[in-house]
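1. Let's see this in three dimensions:
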Amino acid sequence: MTRALIIRPEAEAEVMEAVDWYDDRSPELAARFSRAFRAAPARIADNPLQYQLIDDEIRRAPVAGFQYGVLYVASDDEIVILFCFHGRRDPERWRGGSRS
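-> Purely as a prediction, here's the structure:
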């Protein structure tokens, strides 16, 4: 089954913020983070239920090699990437956000 992939603007903004932060330290590291983030939705799509359920229907898939997680919800029809979140940030930041 092929699900539509939707990346919310909040997630895109968080990824760009992280890429900018890594780019200030190392353009190579920024590129590595960007590739790792782009690979996460493909892993999620392969088996959306494989990742840890962290809040109601929200799951967290790791961004390989980084302390970030991709927070998403999956239904029969779509996968919605809600946030790309650093593991040391206050989870209330994403919990307070809209989920649909």
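2. mind listing what residue 60 touches?
-> Counting by C-beta atoms under 8 Å, 6 or more residues apart in numbering, residue 60 makes contact with 51, 52, 54, 69, 70, 71, 85. Every residue, glycine included, has its C-beta placed from N, CA and C.
3. What are the phi and psi values at the second one?
-> Right, residue 52. Note on residue 52: its backbone torsions stand at phi -60, psi 130 [degrees, to the nearest 10].
4. Thought residue 59 was touching it, still the case?
-> Yes: using C-beta atoms under 8 Å, residue 52 is in contact with residue 59, at 6.3 Å.
5. With only the CA atoms kept, save the lengthiest helix in the chain in CSV.
-> Using DSSP state H, we find that the single longest helix of the chain is helix 27-46. Extracted as CSV, the C-alpha positions of helix 27-46 are listed here (Å, rounded to 0.1, in the frame of the first residue of the first chain):
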residue,chain,number,x,y,z
PRO,A,27,28.9,22.2,5.5
GLU,A,28,29.7,18.5,5.3
LEU,A,29,27.8,17.9,8.5
ALA,A,30,24.9,19.9,7.2
ALA,A,31,24.7,17.8,4.1
ARG,A,32,24.9,14.6,6.1
PHE,A,33,22.1,15.8,8.3
SER,A,34,20.0,16.7,5.3
ARG,A,35,20.5,13.3,3.7
ALA,A,36,19.7,11.5,7.0
PHE,A,37,16.5,13.4,7.4
ARG,A,38,15.4,12.8,3.8
ALA,A,39,16.0,9.0,4.3
ALA,A,40,13.7,8.9,7.3
PRO,A,41,10.4,9.1,5.5
ALA,A,42,11.4,6.2,3.2
ARG,A,43,12.1,4.1,6.3
ILE,A,44,8.8,5.2,7.8
ALA,A,45,6.9,4.4,4.7
ASP,A,46,8.4,0.8,4.6
